[in-house]
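Trainee: Everything below, folded, please.
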Amino acid sequence: MTASDYQRLAGLFPTEVITHSYVSDIALPGGVGTFALITLDNDVDHTRPTTLGPNTLLELDSVLDTLKARAEAGEIVGVGVTGKPHYLVAGADLSATQKLASYDDGLAMARLGHEVYAKLHTLGVPSFAFINGVALGGGLEIALQSQYRTVSTGAGALALPEAFIGLVPGWGGVYILPRLIGPENAVKVMIENPLSNNRTLSGPAAFKLGIADALFEPADFVEQSLAWAARVITGEETVSRPNAADPAVSPEAWDAAVAHGRAVVEARTSNAAPAPAKVLDLLEAGRNWTAEQSRDAECEALAELMQTPQFHSTVYAFLDLVQKRGKRPAGAPDKKLARPVSKVGVVGAGLMASQLALLFARQLKVPVVMTDIDQARVDKGVGYVHAEVDKLLAKKRISPDAANRTKALVSGSVSKEAFSDADFVIEAVFEELSVKKQVFAEVEAVVSPECILATNTSSLSVTEMAADLQHPERVVGFHFFNPVAVMPLLEIVRAPKTDDAVLATAFVLAKTLKKTAVLVKDDAAFVVNRILGRMFGEITAVFDEGTDAATADNALRPMGLPMSPFTLLALVGLPVGQHVQESLHAAFGERFWLSKNSQKIIDAGITSLWQKDEDGKPYIPAETLALLDFGNTPSTSEDVLRRTQDALADEIGRMLDEGVVAGPEDIDLCMILGAGWPMHLGGITPYLDRVGASERVLGKTFHEAKEPAQAAS
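Mentor: Residues are numbered from 1 along each chain as shown. Got it, this is the predicted structure:
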């Protein structure tokens with residue numbers, strides 16, 4: 001690539017928010033010499049993360065050329081890179097990558113990054129990265145390409161998430177990282193974490209793995225990093241990297257790591273997306289490559305993947321849905337209407353209630369009181385919260401002070417009088433309408449008229465729960481997904497009488513709890529469980545009709561779902577799944593199949609259809625099969641897949657006609673965040689458009705042809 005190629009590339013991004021490279025000369029302590037510190041800053045506050053585009057890279061390139069000349073002239077003894085408050089760099093600007101319409105454009109972008117980053121280790125003086133905050137993708141690779149690294153204990157979100165978004169770590173990460181921290185750890189960072197809801201590393205976790213060489217506190221992070229750099233430059237500080245690995249010395253470690261990575265990809269994506277496998281291909285072949293050979297392969301892989309429908313689907317799902325629509329919920333009232341919440345009540349002290357209590361205490365930092373029918377249950381619930389806090393402390397995810405404060409905020413009582421001064425009370429008791437109505441009546445009798453009453457129901461009518469209350473306008477659905485700490489979706493259910501202030505408070509609380517809220521109508525099972533119920537119904541129906549279990553359970557593998565239907569049902573709990581199905585069957589009739597075989601399994605106390613043999617292979621025990629009755633009309637896997645696709649298109653069409661949500665984008669958002677629907681499919685409604693199900697069933701598509709879904713697969 002020539003300079004004119006890169007200038008042409010930069011011209012494709014006239015509106016790029018440039019992350020500038022500001023250079024400060026700093027006199028290192030002890031008279032070591034002058035250190036040039038580059039601060040990456042887009043001149044916008046923390047609400048606009050620093051990102052990387054071609055204009056940003058060209059500016060950094062020019063700055064590095066100047067610093068190299070200064071190093072050759074003996075004017076500086078070292079170069080460092082850090083970022084504006086809270087960020088090193090948040091990676092490439094994904095929205096801009098959609099402008100790279102051709103393979104050649106993608107290749108140019110990939111090579112530009114490599115050429116600029118390569119200068120970080122050819123300056124003639126030591127190069128350092130001071131990771132002060134978020135460092136994602138190309139942002140972390142800036143640090144990896146530097147010769148030495150420090151990280152702040154306050155830095156959050158360090159990751160190479162490319163496998164999650166449909167790409168590969170293409171600016172040196174896939175080559176450098178396994179050599180720096182070992183191939184097993186590299187697979188964790190490049191494969192396991194991205195495919196686990198895009199998990200990231202904290203500063204201390206990154207230091208423990210060996211990504212950074214030193215760890216300092218946020219208050220004087222840059223000063224401590226500069227002092228450490230001075231000691232490295234003089235030789236006073238010896239850098240040790242115990243996790244570093246040489247592929248020539250330990251080829252078996254490389255092979256084992258790649259094999260493990262491929263098993264993870266198979267389990268979590270059914271190999272339906274190309275990017276994770278490509279990351280592992282580069283890691284495997286790169287064992288025998290030079291850095292230059294890896295660079296060429298990385299650039300080609302990036303250019304190819306940028307043109308895939310899976311990448312464009314992921315950009316749509318991640319940016320348009322999760323990042324944009326998720327942060328601006330359709331139908332949410334003005335947040336100025338929200339009421340303050342200074343105390344929370346939780347009715348119940350079981351597992352779900354205890355998870356809620358922990359979440360409210362950690363995120364809201366207000367008193368939380370739990371109630372239940374006897375002291376033993378209350379003590380068990382509070383004890384669970386305290387034990388979970390202790391686990392967080394042991395993992396160093398919270399400080400001792402934060403642990404003590406969180407524990408002190410959570411208390412328990414056998415009397416609902418403890419809610420008398422609460423502003424928000426949420427019930428998490430048994431999923432039975434009469435029980436929940438009784439709970440709300442008891443709570444309303446002791447709380448203030450302004451106190452909001454929330455239900456965590458997964459399928460019951462919020463309207464019916466509020467029907468007999470003096471103030472039904474105070475009731476709102478607040479449906480979390482299990483496990484509460486992990487699942488990001490919160491379905492906020494508006495009943496006909498729920499007022500705007502209550503709803504606004506619910507949305508503000510959701511944001512404070514770090515959940516993505518979607519407004520849903522009070523229809524049975526809302527969004528996620530209704531769609532999953534229709535899907536489960538089709539799979540259990542074909543099984544009951546005589547389709548063998550393996551065919552029924554694996555027919556949806558082309559969708560790349562995180563787990564098969566029978567496996568997911570076992571994880572949710574067969575009785576819970578059957579209870580939701582009963583609610584849906586009662587509300588919507590025969591299109592939600594209610595399996596008698598499922599009930600027989602539950603009645604027998606069996607927790608999963610599948611068991612595993614000595615080799616770990618799934619099978620159905622003979623005693624389980626003996627309980628079941630089957631028809632004689634089996635289906636092929638192709639028939640099951642098409643039948644399920646059509647059923648989902650039918651149900652979603654009905655939901656949109658009923659106004660359950662504002663639009664198909666909200667259906668997609670709920671399924672991505674609440675059911676783990678794969679990003680590479682671009683959402684469930686674009687998928688159904690793509691496979692023809694929406695046309696077959698509804699005579700139209702959910703999205704216009706110009707939607708990104710058209711190009712997705």
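Trainee: Can you read off the pLDDT for His312?
Mentor: At His312, the model reports a pLDDT of 87.
Trainee: Any idea which residue is closest to the centre of this structure?
Mentor: Centroid-nearest residue in the chain, with Cα atoms, centre = their mean: Asn197, separated by 3.3 Å.
Trainee: Doesn't it belong to a strand?
Mentor: No: going by DSSP: H, G, I helix; E, B strand; the rest coil, the assignment for Asn197 is coil, not a strand.
Trainee: Contact partners for it?
Mentor: 486, 488, 676 (Cβ atoms under 8 Å, 6 or more residues apart in numbering). C-beta coordinates here come from the backbone N, C-alpha and C atoms, glycine included.
Trainee: what's the answer for Leu698, then?
Mentor: By Cβ under 8 Å, 6+ apart, the residues touching Leu698 are 649-650, 653.
Trainee: where does Asp468 land in three-state SS?
Mentor: Secondary structure state of Asp468, per three-state DSSP, is coil.
Trainee: since we're on it, how many residues are nearby?
Mentor: Other residues near Asp468 come to 12 when the count uses other Cβ atoms under 10 Å.
Trainee: List the buried residues in the helix ranked longest in the chain.
Mentor: Looking across the chain with DSSP state H, the single longest helix is helix 637-658. The neighbour-count check on helix 637-658 (16 or more other Cβ atoms under 10 Å) flags 637, 640-656 as buried.
Trainee: now do stretch 236-250
Mentor: Within stretch 236-250, the residues that count as buried by 16+ other Cβ under 10 Å are 237, 243, 245, 247.
Trainee: Check which helix or strand Glu115 maps to.
Mentor: helix 103-118 (DSSP states H and E).
Trainee: After that helix, which helix or strand is next?
Mentor: Next helix or strand after helix 103-118 toward the C-terminus (DSSP H and E): strand 127-131.
Trainee: show me where pLDDT drops low in the stretch 201-350 of the chain?
Mentor: For the stretch 201-350 of the chain, no stretch is flagged by pLDDT under 70.
Trainee: now the strands for the stretch 101-250 of the chain?
Mentor: Taking DSSP state E, counting those that start in this stretch as the test, the strands found in the stretch 101-250 of the chain are 127-131, 134-136, 148-152, 158-159, 214-216.
Trainee: so Phe526 makes contact with Met655?
Mentor: No: under the criterion of Cβ atoms under 8 Å, Phe526 is not in contact with Met655, lying 9.4 Å apart.
Trainee: Would you state the strands of the stretch 301-450 of the chain in chain order?
Mentor: Going by DSSP E, counting those that start in this stretch, the stretch 301-450 of the chain shows strands at 344-347, 368-371, 410-413, 424-427.
Trainee: Pick the most deeply packed of the ones you listed.
Mentor: strand 344-347 (a mean of 29; mean count of other Cβ atoms under 10 Å).
Trainee: from the middle of its chain, how far away would that strand be?
Mentor: Offset of strand 344-347 from its chain centre (Cα atoms, centre = their mean, to the nearest Å): 27 Å.
Trainee: what does it contact?
Mentor: Contacts for strand 344-347 (Cβ under 8 Å, 6+ apart): 353, 356-357, 360, 364, 366-371, 416, 418-419, 422-429, 439, 443, 447.
Trainee: which parts of the helix holding Glu115 are buried?
Mentor: Quick answer for helix 103-118 (16+ other Cβ under 10 Å): 105-114, 116-118.
Trainee: and if you look at stretch 686-700?
Mentor: Result for stretch 686-700 [16+ other Cβ under 10 Å]: buried residues 686-691, 693-694, 697-698.
Trainee: and which of those is nearest Ile191?
Mentor: Lowest distance from Ile191 to the buried residues of stretch 686-700 (Cβ to Cβ) belongs to Tyr687, with 23.5 Å.
Trainee: If we ignore the residues flanking it in sequence, what's nearest that closest one?
Mentor: For Tyr687, the nearest residue in space outside its immediate sequence neighbours is Leu681; the separation is 4.6 Å by Cβ to Cβ, 6 or more residues apart in numbering.
Trainee: That neighbour and Leu561 touch, don't they?
Mentor: No: taking contacts as Cβ under 8 Å, Leu681 lies outside contact range of Leu561: 9.2 Å.
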